[in-house]
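>>> Kindly return the folded structure for what I paste below:
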Amino acid sequence: MLPVLHIGPLALPSAPLALLLGVWAGAWLAERAAPRGQAEAVSTLAMLMLAAGLVCARLGYAARFLAIYAADPLSLLSPNPASLDLWAGLAGAALGGLAYGWRRGLRLWPTLDALAPGLALLAVAVGLAHLASGDAFGAPANLPWSIWLWEAWRHPTQLYELIAAGLVLVVWRLARGRSPFDGFGFLLVLALTAAARLLLEGFRGDSWLVLGGLRGAQLVALALLLAALALLRQRALADG
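Have a look, this model is predicted:
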């Protein structure tokens, strides 16, 4: 793990730096993939979704530990990416994006297609951030490729996550230009990302457990995967 990156006299926190670079590169990719004449609107949309997602992710995490944040409100400004709630962030980003897109009159599916590569690249950045910080660690395992982390040999789930996100980005790139209908690129990225999370969550050692032991992230990932597959089928039938 490399929590701090030393560049000359500077000591930069690696995880936030990876996320920042991922956001910048993702917004750049989304702008390039935007429909003709809408590059600026899509770029603004990406930045607004990021801001709304970060705020909601931090507030969602703070709501889970309300007493701690009530005693120290300034900790809400901490750059620690571990104190973000993924699902609250996704909900905030989606609501902010829908509100802005409706106000600007952006077409839904072409806009989502433009955002798809940025989201795929951001997933790669999240994997790098986890690798740097040691967050999202794996369950104990005695395997030839296990890594020593937090006083145990574990599945290198950060590497699994990084490889899976990279493959999703490669598949999107190969499918680009061959989309049979608007929305295909976004739904492809959503389905593959959800499938990867559904599989890899089983190797995690820090899973969010619900209903007496079920992994909450797997339930959410399964719901997103089924929704993406249903929408792909619906869009294909409508286009055909």
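>>> so where do the helices sit in the protein?
Secondary structure of the chain by DSSP state H: the helices cover 14-33, 39-64, 66-71, 86-104, 108-133, 157-175, 184-200, 216-239.
>>> Highest mean neighbour count out of those?
Mean neighbour count (mean count of other C-beta atoms under 10 Å) peaks for helix 108-133 among the helices of the chain, with a mean of 23. Backbone N, C-alpha and C define where each C-beta goes, glycine included.
>>> so which of the helices of the chain comes closest to I147?
Across the helices of the chain, I147 has its closest neighbour in helix 157-175 (8.0 Å, C-beta to C-beta).
>>> mean confidence for the closest one?
The pLDDT scores in helix 157-175 average 93.
>>> same thing with stretch 22-29?
Averaging pLDDT along stretch 22-29 yields 81.
>>> where does that stretch sit relative to the chain's centre, distance-wise?
Centroid displacement of stretch 22-29 relative to its chain, using C-alpha atoms, centre = their mean, to the nearest Å, is 13 Å.
>>> quick one: contacts of it?
Outside stretch 22-29, the residues within contact range by C-beta atoms under 8 Å, 6 or more residues apart in numbering are 43, 46-47, 50, 117-119, 121-122, 124-126, 128-129.
>>> what does stretch 158-172 give?
For stretch 158-172, contacts defined as C-beta under 8 Å, 6+ apart pick out 116-117, 120-121, 123-124, 126-128, 130-131, 134-138, 147, 185, 188-189, 192-193, 196, 199-200, 203.
>>> Work out which residue lies at the spatial centre of this structure.
Central residue of the chain (C-alpha atoms, centre = their mean): A123, 4.5 Å from the mean position.
>>> Spatially nearest residue to that residue, not counting backbone neighbours?
Leaving aside its sequence neighbours, A123 sits nearest to A165 (C-beta to C-beta, 6 or more residues apart in numbering; 3.9 Å).
>>> Show me the shaky parts of this structure.
Applying pLDDT under 70 to the chain flags residues 1-15, 79-82, 240.
>>> could you list every residue that touches L86?
Residues in contact with L86 (C-beta under 8 Å, 6+ apart) are A57, A217.
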